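Engineer: coords please:
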Amino acid sequence: MFDELTKVDIEKMKQELEYRITKVRPEILEDVKFARSHGDLSENAEYHAAKRERGRNESRIRYLRNMIKTAVIIDADSAEDEVGLFDTVTYYVEEDDCDEQVRIVTSLRRDPLEKIISKESPLGSALMGKHVGDRVCITVNDSYSYYVVVKKIEKGKDDDTLEIRKF
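Structural biologist: Have a look, this model is predicted:
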């Protein structure tokens, strides 16, 4: 499956990739060399920690390269009166009799704890393209769904203020 990402997502990944290759990788290699110089490697916790960190960095580099290579670039624009990427949506949850608010973003920048959700999530995908006043069924899984009503759409833009997701 390809990730649908914006140009800003790709640019942020390229910046992190460059940083990890040119700055982090050489620092970690120096740490490994220094820890190795302390002698017996079987009981050298510093050496094992440095190698673990090197593995994490190399894994992130591979992940970023693969994401950049396979991503499908999408446009974040949407009509003024419909829910689109980077918009903040206020909706009424019928089941709980309360209002909630989320911002819909690409999968790379989601942060559910901050109410920043992916357009691929059950709620995000159901809200995309909807208008104020629309009643929407949110299907979480085969045995649970609920209804919301879109109350307000605040148009957002694709900027670089949202960080890309780390491991």
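Engineer: what about the helices in this structure?
Structural biologist: Under the criterion DSSP state H, the chain contains helices at 7-19, 25-36, 45-70, 122-127.
Engineer: most packed of those?
Structural biologist: Mean neighbour count, computed with mean count of other Cβ atoms under 10 Å, is highest for helix 122-127 among those, reaching a mean of 20. Quick note: C-beta positions are derived from backbone N, CA and C, even for glycine.
Engineer: Ile28 reaches Ala50, doesn't it?
Structural biologist: Yes. With contacts counted by Cβ atoms under 8 Å, Ile28 reaches Ala50, the gap being 6.5 Å.
Engineer: returning to what we had before: which one of the helices of the chain lies nearest to Glu82?
Structural biologist: For the helices of the chain, the distance to Glu82 is smallest for helix 122-127, at 9.7 Å, taking Cβ to Cβ.
Engineer: hmm, who's touching that closest one?
Structural biologist: Outside helix 122-127, the residues that touch it by Cβ atoms under 8 Å, 6 or more residues apart in numbering are 83, 89, 91, 102, 104, 117-119, 136-140, 148, 150.
Engineer: quick one: which of those residues sit in strands?
Structural biologist: Those of these mapping onto strands are 89, 91, 102, 104, 117-118, 136-140, 148, 150, per DSSP state E.
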